[in-house]
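Trainee: predicted model and sequence below, questions to follow.
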Amino acid sequence: AQTVTQSQPEMSVQEAETVTLSCTYDTSESDYYLFWYKQPPSRQMILVIRQEAYKQQNATENRFSVNFQKAAKSFSLKISDSQLGDAAMYFCAYSWGGGADGLTFGKGTHLIIQP
Amino acid sequence: DTAVSQTPKYLVTQMGNDKSIKCEQNLGHDTMYWYKQDSKKFLKIMFSYNNKELIINETVPNRFSPKSPDKAHLNLHINSLELGDSAVYFCASSPLDEETQYFGPGTRLLVL
């Protein structure tokens, strides 16, 4: 069974600085997908970024980028120029892409932005 | 326009009651899901449906029964509610050939 581990229950960063959230996963599949979702206090689950395992290039979305290390099964999220609106729970998630597959989530990292 | 909607957003009920949560998506997606988020914020897949057919049924008590009347709707019916059913329930959908899932706003269920 696939597992996703987020080892940082909570992280804190000063506004405008950069923070990296860690995620590791375990799978025997060679083709799969990885995601970072953000859950602000409103509890809405918002997709931040996605990465296909067959792509070597790291995904980026504006201030958000990932460091995908397939051999190490690591998928960290870097947030640059942190803003107050980035404060939220961040969930790393895995899908093996078999169709109608549920996401396997990590336990989440609570990100605090210090003004 | 709301992409994935759920009703109600909040549900407070007594132990032993039966309740339903409705989910609708207007994205034209073929696959829909139900997730449970517990008090520690852990999210776990409960069910997935592809074109009205049940695909995934994780180890969920049979008091939980999903119903998909059509491709755009996936409702969750819960019988004989227990205290441990208190959680936030999320509906999600995804296109057939894409793994990205789009979530509804969640339904907070509190069983007293």
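Mentor: On my side now, so go ahead.
Trainee: residue A:109: neighbour count?
Mentor: Residues contacting residue A:109 under the criterion other Cβ atoms under 10 Å in any protein chain shown number 22. Placement of C-beta: from N, CA and C, glycine included.
Trainee: kindly report the same for residue B:102.
Mentor: Neighbourhood size, residue B:102 [other Cβ under 10 Å]: 17.
Trainee: do residue A:61 as well
Mentor: For residue A:61, the count of nearby residues is 12 (other Cβ under 10 Å).
Trainee: next up, the contacts around it.
Mentor: By Cβ atoms under 8 Å, 6 or more residues apart in numbering or on different chains, the contact set of residue A:61 is A:48, A:49.
Trainee: show me what it is bridged to.
Mentor: residue A:64 (DSSP bridges).
Trainee: tell me how far it lies from residue A:48.
Mentor: When Cβ to Cβ, to the nearest Å is applied, the distance between residue A:61 and residue A:48 equals 7 Å.
Trainee: what does residue B:7 give?
Mentor: Distance, residue B:7 to residue A:48, using Cβ to Cβ: 26 Å.
Trainee: who has more neighbours out of the two?
Mentor: Looking at residue B:7 and residue A:48 with other Cβ under 10 Å, you find the greater number of neighbours at residue A:48, namely 19 against 14.
Trainee: worst mean pLDDT across the helices and strands of chain B, which element?
Mentor: Every helix and strand in chain B was compared by mean pLDDT, DSSP states H and E; the lowest is strand B:53-57, with a mean of 77.
Trainee: do it and chain A meet?
Mentor: Yes: residues of strand B:53-57 contacting chain A under Cβ under 8 Å from any Cβ of the partner chain: B:55, B:56.
Trainee: how about the closest residue to chain A within chain B, what does it touch?
Mentor: Residue nearest to chain A within chain B: residue B:45 (2.9 Å; Cβ to the nearest Cβ). With contact taken as Cβ under 8 Å, 6+ apart, residue B:45 is in contact with A:102, A:103, A:104, B:33, B:34, B:35, B:56, B:58.
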